[in-house]
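> Build the 3D model from these lines:
(one chain, ligands or ions: 1)
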Amino acid sequence: MARTCTSILLIKVSFWCCVLLLLLWADSAITSPVPPKSAIASAHPLATQAGFKVLRQGGNAFDAAVAVAAALAVVEPAGSGLGGGGFLLLHQASGRDVMLDAREKAPMAARRDMYLDETGKVIPGLSVDGPLAAGIPGLPAALVHMAEKYGRLPLSQCLAPAIRLASEGFVVGPRYLRQVKRRFDILQGYNQTAAIFLQHRRMPRPGFRLIQKDLARVLETIAQYGRSGFYQGWVAKRLVDSVRQEGGIWSLEDLRRYQVIERQPLEGDYRGIHIVSAAPPSSGGVVLLESLNILSGYFIHRLSPVTIKHLVVEAWRRAYRDRALYLGDPDFIAMPLSRLLDPDYAAGLRVAIRQDRAMPSDWLNPAPEVQEGADTTHFSILDREGNRVAATLSINYLFGSGFVAQGTGVLLNDEMDDFSIKPGVPNIYGLVGGEANAIAPGKRMLSSMTPTFLETPQKVAILGTPGGSRIISMVTLAVLDFAAGFRPSLWVKWPRYHHQYLPDEIQFEPDALSPSEQSTLQTMGHRLHPLARHYGNMQAILWDKNSGQVEAASDPRGEGMAIVE
Ligand code: DON
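Residues are numbered from 1 along each chain as shown. Now for the predicted structure:
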């Protein structure tokens, strides 16, 4: 009898052990804690390959990010570089998220009216072309900080692929030639710039090999001396001398004092998706989360495609207005962030939205117009430990200020133009900005860069794009695509539409709105602005923990490359 009882007990225990094991197995199959593969999507094949080289040498996502960012500085010089800055969103496998704020800063000699003449008028081009347009760069400091604090390999190993690309050169693609054409005059205007980026001072021909020996030396100096290799010593001296010779206002002290800031990213939720995105001084996260908060009040999947587009536009109209009204550098101004990100605030905005009528932007409280430049870059990385990087880096317009500091190969940004050059009054491009984003010494200019992570219990996405003020609307559309279950190859590809409060118009790529959608939107009261050119260059990664699949996609509008391995 006792033996029968023991056997029954044993059977019961074995049964429950099996159930427990099965549950544990199922749980790990459903939410596998680490990705089976790593992935990199960037705007240039050579940069993606540089990242993988470092991963294969035992580096983690942060080492790879140093390699990719440095390589992009060499192979995509029109978009980002050592003379610029950006925002790098990092996720450590332990679960910690942090944003490296490597945004450029106004030099200490900057003044709020520095781009105005004595009569108070904006001097055309001064905040865009030449060394006076350049803020103090942040990218070199970010590379060193990321490698030292988050990476595993020596900085020199992560910079090696970029150093080689710069000193040996690479053959440029058609995109480079198109970009040079658009900024040819400014590139030709400075001897040292023309000597590097043009071919015998003329338009480079297909097959042109871009060699950047000086830049290679600067990268080597950073590899050897870390942050002081750029912000002190011979590089700093040449940067400052060259800038000042051509009318700029940088000082050695500006460079010496530059610091990357670790900031808490912004977080929010949309229909079960947890969103982690850029915090001020980027407006990206605020505008993205505010737009999604407004949209979360609708059963979007039950609405017609044209009604969805109308509501998305109405959400952007309100969120972009708040961008212009309130946002700037958090170290200089107070911003009502908790209000702007509160679902109740969004609900208040939502009640004034009609599903069948556009509301003219000038019916909302007035705020200044925003718009930005024509190039920048983004890359996304996932490693097999589950570390992630979403980084959007910029020198602002194509080839930044067009000014290379003599003997350095470093092309300087023209990010000063992201400040409100004259608060409240339109500048030469018809752009005006708010008081919150006025120029002040040592201040960071407001940005739209929106590196973003999306997370549900089953899925993780890493994404971002260049595109000036349209960055935020592109990322919003990608979040909606993610929410609807589409794959990254479609987020990066589908035609895009955009509204940014002012100008009060829907800008859209060819094919983004069908003829019948266009006429419905016009009947609702929207003004339409069809764009001749495509925009954006999104780089995205999706890890599906359920299936264990990792996908990466590079925007077909660019010539980037996504690899999963
Ligand atoms: O920080 C910003 O928002 C701008 N400087 C970014 C410029 C940009 O994305 C241009 N890209 N196409």
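
> Now do the contacts for residue 73.
80, 81, 82, 139, 162, 215 (C-beta atoms under 8 Å, 6 or more residues apart in numbering). From N, CA and C alone the C-beta is placed, and that goes for glycine too.

> which parts of the stretch 451-565 of the chain sit against the ligand?
466, 467, 468, 471 (C-beta under 6 Å from any ligand atom).

> I'd say the first one and residue 378 touch.
Read that as residue 466. Yes - using C-beta atoms under 8 Å, residue 466 is in contact with residue 378, at 5.9 Å.

> Kindly export the host helix or strand of residue 65 (C-alpha atoms) in PDB.
Following DSSP states H and E, one finds residue 65 within helix 61-75. Coordinates of each C-alpha in helix 61-75 appear next as PDB, following Å, rounded to 0.1, in the frame of the first residue of the first chain:
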ATOM      1  CA  ALA A  61      27.000  46.900 -30.500                       C
ATOM      2  CA  PHE A  62      28.700  50.000 -29.000                       C
ATOM      3  CA  ASP A  63      32.100  49.100 -30.500                       C
ATOM      4  CA  ALA A  64      30.300  48.500 -33.800                       C
ATOM      5  CA  ALA A  65      28.600  51.900 -33.500                       C
ATOM      6  CA  VAL A  66      31.900  53.600 -33.100                       C
ATOM      7  CA  ALA A  67      33.100  51.900 -36.200                       C
ATOM      8  CA  VAL A  68      30.000  52.700 -38.200                       C
ATOM      9  CA  ALA A  69      29.800  56.300 -37.200                       C
ATOM     10  CA  ALA A  70      33.500  56.900 -37.900                       C
ATOM     11  CA  ALA A  71      33.200  55.100 -41.300                       C
ATOM     12  CA  LEU A  72      30.200  57.200 -42.200                       C
ATOM     13  CA  ALA A  73      32.200  60.300 -41.500                       C
ATOM     14  CA  VAL A  74      34.600  59.100 -44.200                       C
ATOM     15  CA  VAL A  75      32.300  57.500 -46.800                       C
END
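
> related to what we said a few turns ago, just the closest of the contacts of residue 73 to the ligand, please.
Nearest to the ligand among the contacts of residue 73 is residue 80, at 9.6 Å by C-beta to the nearest ligand atom.

> dump the residue contacts of that closest one.
Neighbours of residue 80 in contact, by C-beta under 8 Å, 6+ apart: 69, 72, 73, 86, 139, 376, 377, 393, 394, 395.

> Which of the residues you listed fall in helices?
69, 72, 73, 139 (DSSP state H).

> mind checking pLDDT for the third one?
The per-residue pLDDT reported for residue 73 equals 98.

> Please shift the residue numbers so they start at 39 in all later answers.
Will do, 39 is the new start, and the previous item becomes residue 111.

> tell me, how many neighbours does residue 340 end up with?
Applying other C-beta atoms under 10 Å, we find 8 residues neighbouring residue 340.

> near the ligand, which residues of the protein show up?
Within the chain, the positions adjacent to the ligand are 410-414, 432, 434, 453, 456, 485-487, 504-506, 509 by C-beta under 6 Å from any ligand atom.

> where do the strands sit along the stretch 139-288 of the chain?
208-209, 247-248 (DSSP state E, counting those that start in this stretch).

> Can you list the strands that the first one pairs with?
Just to be clear, that refers to strand 208-209. If you go by DSSP bridges, strand 208-209 pairs up with strand 247-248 (antiparallel).

> How about residues contacting the strand it pairs with?
113, 115, 207, 208, 209, 210, 214, 234, 235, 242.

> redo that, cut-off 10 Å
112-113, 115, 203-204, 206-210, 214, 234-235, 237, 242 (C-beta atoms under 10 Å, 6 or more residues apart in numbering).

> Next: stretch 544-554.
For stretch 544-554, contacts defined as C-beta under 10 Å, 6+ apart pick out 343-344, 347-348, 350-351, 354-355, 396, 508, 511, 515, 532-538, 555-560, 564-574, 595.
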